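Enquirer: no sequence on this one, just coordinates:
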């Protein structure tokens with residue numbers, strides 16, 4: 001049996017730190033998906049999340065990020081369009097999940113089934129009481145508490161590839177302890193939940209299959225910046241030429 005690591009690697013980046021020039025990393029399918037997004041801010045979030053995902057996965061797999069392709073076949077109904085995306089590659093492949101909110105995009109990669117969610121804790125929206133159990137409502141003193149609870153539930157649903165096909169009220173958490181979930185998803189002790197340390201005002205959570213989880217969290221600003229500069233230099237070699245190379249006599 002293949003041994004899988006207990007490690008998950010989370011990366012985050014500001015949406016405004018991902019330049020439009022890196023849209024070249026997306027394949028035609030994702031460019032088309034992005035064009036169909038109505039709001040410019042949402043198109044920017046989509047770009048940031050998928051560029052970061054391609055860079056992190058490309059680095060992990062030793063492949064060109066722009067050459068990666070993804071299979072979105074649903075594992076539950078075989079629909080080819082709405083499943084949890086996986087890297088289309090032969091042999092072992094990491095699982096990954098992405099999320100974005102406000103001005104932040106987050107990607108998490110692991111050998112195990114994994115999910116991530118992020119929310120702006122200052123959004124000041126009305127907490128969605130129907131999404132919470134009675135115990136969770138008692139623990140929820142305002143939107144920041146709700147945002148944290150929501151990220152834990154959503155991360156778990158994304159880890160199992162169910163999204164909101166399972167009502168969040170059927171999952172109960174207390175802190176990062178999973179108390180209850182539908183029998184079809186397994187036992188609470190089959191999963192790990194961890195909160196993500198993210199720049200304020202964002203809160204996030206990671207869920208993974210397995211009772212143990214070692215989590216690393218890092219900024220993707222340098223990774224994105226190096227990629228953007230490298231592509232700009234290849235597109236315009238004169239930008240990196242020193243005075244002697246660029247001077248004509």
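Expert: Thanks, I have the structure now. This structure is a prediction, so every number in the text was calculated from the model and none was measured.
Enquirer: wait, isn't residue 146 in contact with residue 139?
Expert: No. Using Cβ atoms under 8 Å, residue 146 makes no contact with residue 139, being 9.7 Å away. All C-beta spots, glycine's among them, are computed from the backbone N, C-alpha and C.
Enquirer: who's more crowded, these two?
Expert: The residue with more neighbours, out of residue 146 and residue 139 and counting by other Cβ atoms under 10 Å, is residue 146; that gives 24 against 15.
Enquirer: could you say what helices and strands the helix or strand encompassing the more buried one packs with?
Expert: Taking DSSP states H and E as the criterion, the element that holds residue 146 is helix 143-159. Counting by 3 or more Cβ pairs under 8 Å, 6 or more residues apart in numbering; DSSP states H and E, the packing neighbours recorded for helix 143-159 are strand 95-101, strand 114-120, helix 134-139, strand 172-174, strand 191-196, strand 202-209.
Enquirer: tell me how far that helix is from the chain's mean position?
Expert: On the basis of Cα atoms, centre = their mean, to the nearest Å, the separation between the geometric centre of helix 143-159 and that of its chain is 13 Å.
Enquirer: got the angle between that helix and strand 191-196?
Expert: Interaxial angle of helix 143-159 relative to strand 191-196 (axes from the mean of the first three to the mean of the last three Cα atoms, to 10 degrees): 140 degrees.
Enquirer: any buried residues in stretch 88-96, and which?
Expert: By neighbour count, with 16 or more other Cβ atoms under 10 Å as the criterion, the buried positions of stretch 88-96 are 94, 95, 96.
Enquirer: please identify which of those is nearest to residue 107.
Expert: residue 96 (6.4 Å; Cβ to Cβ).
Enquirer: please, which helix or strand holds the closest residue to that closest one other than its chain neighbours?
Expert: For residue 96, ignoring the flanking residues on the chain, the nearest one in space by Cβ to Cβ, 6 or more residues apart in numbering is residue 109 at 4.6 Å. Counting by DSSP H and E, the element that carries residue 109 is strand 104-110.
Enquirer: mind listing the strands that strand pairs with, and their directions?
Expert: Pairing partners of strand 104-110, with direction, according to DSSP bridges: strand 7-14 (antiparallel), strand 95-101 (antiparallel).
Enquirer: give me the mean pLDDT for the first one.
Expert: Over the span of strand 7-14, the pLDDT mean works out to 97.
Enquirer: what residues does whatever helix or strand comes next after it touch?
Expert: The element immediately downstream of strand 7-14 (helix or strand, assigned by DSSP H and E) is helix 28-35. With contacts defined as Cβ atoms under 8 Å, 6 or more residues apart in numbering, helix 28-35 is touched by 23, 26, 43, 46, 47, 50.
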